[in-house]
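I'll drop the sequence and a predicted model, then ask my questions.
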Amino acid sequence: MSGSTDRSLGRRTFVLGTTAAAVSATALTRTAAAASFGYTDDGSNYVVDTGANLVFKVSKTNGDLTSLVHRGTEYQGYGGKNSHVESGLGTSTVTIAQSGSTILVSVAYGTLKHYYAARSGENNVYLWTNKADTSVSATRYIVRVKAGLFLNDEPDSYTYAPTTIESADVFAKSDGQTRSKHYSKLRVIDYDYIGWTTGSVGLWIVRSNHEKASGGPFYRSLLRHQSADGGGLYEILYYGENQTESERFGLQGPYVIAFTDGGAPSSSLYAGNLATSWADSLGISGYTAASGRGRVAGVGISGRDTAYAYTVGLANSAAQYW
C-alpha cells in the first residue's frame, strides 16, 4: 500500500517514487529537547518550527502550505503552485495560536474551515477540513512535491505519459499501459497511508478515517501522481467522479503529512489508532472530544465461510464507518 517496491532508476518516466522500506518508522518519537519549537511571522507566512527536523510555512493570505522543509531540504511545490485544499481557497482569514506543546493554524474561507497543527518534537503536520456546504466543490488536500526528490512508477500512481487518450486525464505509456488520475488499484480500505521513500527519508499522507467522506470502504480515487514538474499526494475527502453516495458535510480529519527516516509512518498515526486528546481544547470547528465519541462493538456474521474476509459497513447521511 505504500508503494515500496524497488524500481530501476533508468526509466524515463520516473520522477517520484519509492524504494523498499522494511524498517518501521518512529514518526511520533519525540526529540529529547525541542528548544526551537514555536512560530514566527515573516510578513507573508506563519512559520512553524516543530522543534524536530521540520519547519513549514502557511500563507497568511489564503492558507496555502507554502514551504515544507525537512532536514534542510525544501519538499513543497512545483510549477509555481503550493499545497492546499482544492486548487487553493482564495483570500481567507488565517490565524495562529500556541497551546502548550501544540501550535494550531486556522484558515477560514467562507463556510469552510481548515486547520494545520504541529506538536513539539514531531515531524508531522496534522490537518482537519470542515466543509459545511457546496460552496467549495469536491474536496481534497494535495501536497505538491518538488521533482527529483523521489522516484516512483507504481501502478496506483497517476503518471503523466506521452500520449493523451481522453481529455487531460487518461494517458498511454510507451509500453501499452494507461494511467488515469481518476482510478487507483487501492480501495480506501486497502491503505492507511500513501507516499514515497528514498530509503533514508519518507514523505507520506496518512489518511483520515473518512467518516464524513462518501463511497464506502471499497471506493477508489486519486492517490498520487507524478509528472516532469513534480508529484502530488492526495487526501480525497469528497470525490465527484463515479461517486456512489451523496456528499456528507462536517469535520474530516485528522489526516497527517508525515516525514520519516525512510520507513513507513508509525502505525500510531493510522486512523484506527490515532489518539488526539491533545486537540480536544483547541477550538476546532465541528470537533468531538474523546469523551463524546462512541464505538461499535459486537458486530458479527453467523454462518459465514471462514475462508473469506468480511467487511461490515455502517452508514447514514451524516457518517460512514466499516
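Right, received. Where do you want to start? This structure is a prediction, so every number in the text was calculated from the model and none was measured. Residues are numbered from 1 along each chain as shown.

Could you report the neighbour count for Ile301?
Using other C-beta atoms under 10 Å, Ile301 has 8 neighbouring residues. Where C-beta positions appear, they are placed from N, C-alpha and C, glycine not excepted.

so it sits in a strand?
No - counting by DSSP: H, G, I helix; E, B strand; the rest coil, Ile301 is not found in a strand; it is coil.

Surely it and Tyr310 touch.
Yes - here Ile301 reaches Tyr310: they are 5.6 Å apart, a contact under C-beta atoms under 8 Å.

helix/strand/coil for Ile189?
Secondary structure state of Ile189, per three-state DSSP, is helix.

so what's it closest to, chain neighbours aside?
Distances taken as C-beta to C-beta, 6 or more residues apart in numbering place Pro217 nearest to Ile189, at 3.8 Å, with adjacent residues excluded.

And that neighbour, how far from Asp133?
Pro217 sits 26 Å away from Asp133, going by C-beta to C-beta, to the nearest Å.

List the residue ranges of the stretch 51-200 of the chain that fall below the pLDDT cut-off.
Filtered on pLDDT under 70, the stretch 51-200 of the chain yields the residue ranges 153.

That one: strands as residue ranges?
With strands called from DSSP state E, counting those that start in this stretch, the stretch 51-200 of the chain shows them at 54-59, 65-70, 73-74, 84-85, 93-99, 102-109, 112-119, 124-131, 140-146, 157-159, 163-166, 170-172, 178-180, 193-197.

Buried ones in the fifth one, by neighbour count?
Residues of strand 93-99 classed as buried under the neighbour-count rule (16 or more other C-beta atoms under 10 Å) are 94, 96.

Report all helices and strands that it contacts.
Under the contact criterion of 3 or more C-beta pairs under 8 Å, 6 or more residues apart in numbering; DSSP states H and E, strand 93-99 touches strand 38-41, strand 45-49, strand 54-59, strand 102-109.

what distance separates the start and the end of stretch 36-47?
Taking C-alpha to C-alpha, to the nearest Å, stretch 36-47 runs 12 Å from one end to the other.

Please apply the same query to stretch 128-140.
Start-to-end span of stretch 128-140 (C-alpha to C-alpha) is 11 Å.

Tell me which residues are up against it.
By C-beta atoms under 8 Å, 6 or more residues apart in numbering, the residues outside stretch 128-140 that reach it are 85-86, 89, 109-115, 117, 141, 222, 234-240, 247, 249-254, 284-287.
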